[in-house]
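**Student:** Here is a sequence together with a model predicted from it:
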Amino acid sequence: MMRYVHCQWAAVVEAGVAVAVAAPVVFGVRGLPQVEGAAVAVLLALAGSSAFFGLVAVSTRLTWLGGEKRDFESALTLSNPEAILPTRRESLRRSFDGSFVVIVAVPSLLFGLFWDPWAIGLAVIFVPERIVKGVYLFFWERRHGVLLWRGKVEEQPLGKEQSLYSSPRGATAD
């Protein structure tokens, strides 16, 4: 089990790690890119689009637009959360996924080496979406007075992609 908000924040860190891995290699081989207004504008447009679609995904119930709000609102309460929930540190550790770093770093590295050094910025398009989702979820949790969780619980067989919630009191202790 891991907190849904932790998954969003971990994805931001993972994208940053992917850029931190790809940038030195690309800049070492290709050199530092010249500041081009068009490349910066494209990256900013991609970042803005990413943030917009992240906001749409968490604020709508329509499944064809992401519809994550429906998942939050239909979350089921955890039965016996004290026995199931991890500590805050454990949830953060479980949220970090090294395979996502590889999935983001390899294309950024290849595009940066063989196309344009600015292409390493493509990894950053995940960041605004995840920041918007993380902030939205943080305030959603506070407004509803619960913590939203992802994961499988053996004692509580649920449908696919079912979200769970718990009280914030017992779940946040380290």
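**Tutor:** Great, that's in hand. Owing to the predicted nature of the structure, the values given are computational and were not obtained by experimental measurement.
**Student:** For the lengthiest helix in the chain, enumerate the helices and strands it packs against.
**Tutor:** Ranked by residue count and defined by DSSP state H, the top helix of the chain is helix 4-30. Secondary-structure packing of helix 4-30 (3 or more Cβ pairs under 8 Å, 6 or more residues apart in numbering; DSSP states H and E): helix 88-95, helix 98-114, helix 126-144, strand 147-150. Where you see a C-beta, it was placed from the backbone N, CA and C, and this is true even at glycine.
**Student:** Against which helices or strands is the next helix or strand along the chain from it packed?
**Tutor:** Moving toward the C-terminus from helix 4-30, the next helix or strand (DSSP states H and E) is helix 37-59. For helix 37-59, the packing partners by 3+ Cβ pairs under 8 Å, 6+ apart come out as helix 68-73, helix 126-144.
**Student:** CSV for those helices, including mean pLDDT, mean neighbour count and distance to Pro107?
**Tutor:** CSV is the format used below for those (pLDDT from 0 to 100; neighbours: other Cβ atoms under 10 Å; distance: least, Cβ to Cβ, whole Å):
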stretch, mean pLDDT, mean neighbour count, distance to Pro107
helix 68-73, 76, 17, 25
helix 126-144, 89, 18, 12
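**Student:** which regions of the protein lie under the pLDDT threshold?
**Tutor:** 64-65, 79-84, 152-164, 167-174 (pLDDT under 70).
**Student:** Tell me which residues are up against stretch 22-34.
**Tutor:** If you take Cβ atoms under 8 Å, 6 or more residues apart in numbering as the criterion, stretch 22-34 is touched by 39, 105, 108-109, 112-113, 116-118, 120, 123.
**Student:** State the pair within the residues you listed that is farthest apart.
**Tutor:** For the contacts of stretch 22-34, the maximum inter-member distance is 19.6 Å, found between Ala39 and Ala105 (Cβ to Cβ).
**Student:** Which of these two has more residues huddled nearby?
**Tutor:** Neighbour count, other Cβ atoms under 10 Å: between Ala39 and Ala105, Ala105 has more, with 22 against 16.
**Student:** Look up how far Phe139 lies from the closest residue to the more buried one other than its chain neighbours.
**Tutor:** Excluding the flanking residues, the one nearest Ala105 by Cβ to Cβ, 6 or more residues apart in numbering is Ala18, at 3.8 Å. Using Cβ to Cβ, to the nearest Å, one obtains 27 Å as the distance from Ala18 to Phe139.
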